[in-house]
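sequence plus predicted model, see below.
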Amino acid sequence: MNPYQDLLTDTVGGSVLLLTLNRSDARNALRNNTLRELAAALAQAEQDSAVRVVVITGGPKVFAAGADIKEMAQLDAIGALTDPRPQYWKAIASFSKPLIAAVNGYALGGGCELMMHADIAIAGAGARFGQPEINLGTMPGAGGTQRLIRTVGKPLAMKMVLSGEMLDAAGALAAGLIAEVTADEQTIERALALATTIAAKSPLAVRMAKEALLKSFEMGLDAGLNLERKSFSLLAASADRQEGIAAFLDKRQPVFAGN
């Protein structure tokens with residue numbers, strides 16, 4: 001039984017969790033309940049050792065066209081300050097396992113911000129990306145300025161945020177906002193295939209590699225290299241590393257147990 005109202009869940013191959021936004025009538029607008037359920041689903045996946053990778057999608061037509069404007073319109077300054085949304089976003093950002101976004105159609109405003117919370121984004125050729133909050137007399141509030149500029153650089157981030165203009169899939173790929181473009185009908189399939197590939201790797205190595213990569217945004221090169229070396233050294237004590245080397249020498253596929 002599905003415990004969520006705004007999400008559909010499915011397990012693929014035993015180790016990949018597929019989360020599908022389920023508000024097609026509202027173009028998957030991200031209301032508080034949607035973010036709350038996403039945070040809860042990821043918290044559960046965090047504790048489930050069987051889940052090694054999570055894929056988030058909005059389905060074949062639209063990823064998420066933004067925040068729920070009707071809900072946000074009810075907030076005054078105090079309401080916005082005490083709104084629980086930032087805590088939900090923080091919980092999504094803190095997910096330690098690989099998170100892949102499969103994007104078709106619009107990924108705008110909060111939808112674009114959700115995609116940027118993922119580690120890897122696969123997009124259909126018809127996908128469109130943007131931070132159009134400026135058109136409503138406001139600005140991004142869930143990382144749309146901070147994550148976007150760190151990803152695509154100052155000139156393009158300024159253009160997107162200040163003008164509200166959208167970026168197509170080819171432009172998003174060229175800017176480094178997404179990792180790959182596929183035919184629209186193959187987006188979810190490709191994301192799941194990539195997730196399955198990653199799920200077959202050592203969970204310890206994957207988690208530590210993700211942490212080191214993300215920390216590079218927060219620390220200088222020397223500190224980052226120090227973290228990388230310590231993580232590399234810690235993995236030397238893992239059974240997965242021993243299995244990986246043994247499988248390479250034996251010319252067979254490794255079987256990683258996560259220890």
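Noted; the coordinates are in hand.

name all residues that make contact with Phe158.
Just to correct that, residue 158 is Met rather than Phe. Met158 sits next to Ile149 when contact means Cβ atoms under 8 Å, 6 or more residues apart in numbering. Bear in mind the C-beta positions are built from the backbone N, C-alpha and C, glycine included.

confirm that it sits in a helix.
Yes - counting by DSSP: H, G, I helix; E, B strand; the rest coil, Met158 is part of a helix.

for Leu30, phi and psi?
phi -90, psi 90 (degrees, to the nearest 10).

can you report how many residues neighbour it?
28 (other Cβ atoms under 10 Å).

got it, and Leu8?
Residues near Leu8, counting by other Cβ under 10 Å, number 13.

so it sits right up against Arg23, yeah?
No - contact criterion Cβ atoms under 8 Å: Leu8 and Arg23 do not qualify, at 10.6 Å.

so what pLDDT did the closest residue in space to Thr182 that isn't next to it in sequence get?
Nearest residue to Thr182, sequence neighbours excluded (Cβ to Cβ, 6 or more residues apart in numbering): Arg190, at 4.7 Å. With respect to pLDDT, Arg190 scores 98.

which strand or helix spans Arg190?
Following DSSP states H and E, one finds Arg190 within helix 187-199.

just the buried positions in that helix, please.
Thr187, Ile188, Arg190, Ala191, Leu192, Leu194, Ala195, Thr196, Ile198, Ala199 (16 or more other Cβ atoms under 10 Å).

nearest to Glu228 among those?
For the buried residues of helix 187-199, the residue nearest Glu228 by Cβ to Cβ is Ile198; the value is 19.1 Å.

if we can go back for a sec, what packs against the helix holding Arg190?
strand 7-12, strand 16-21, strand 53-57, strand 99-103, strand 120-124 (3 or more Cβ pairs under 8 Å, 6 or more residues apart in numbering; DSSP states H and E).

so Val54 bridges to which residues?
Leu17, Leu99 (DSSP bridges).

correct me, but Leu136 touches Ala67?
No - if you go by Cβ under 8 Å, Leu136 and Ala67 don't touch, sitting 9.8 Å apart.

the two: who's more crowded?
Comparing Leu136 with Ala67 by neighbour count (other Cβ under 10 Å), the higher total belongs to Ala67, at 26 against 14.

now do the strands in the stretch 51-200 of the chain.
53-57, 99-103, 106-108, 120-124, 128-130, 167-168, 180-182 (DSSP state E, counting those that start in this stretch).

among those strands, which is nearest Leu204?
Smallest distance to Leu204 across the strands of the stretch 51-200 of the chain (Cβ to Cβ): 14.0 Å, for strand 53-57.
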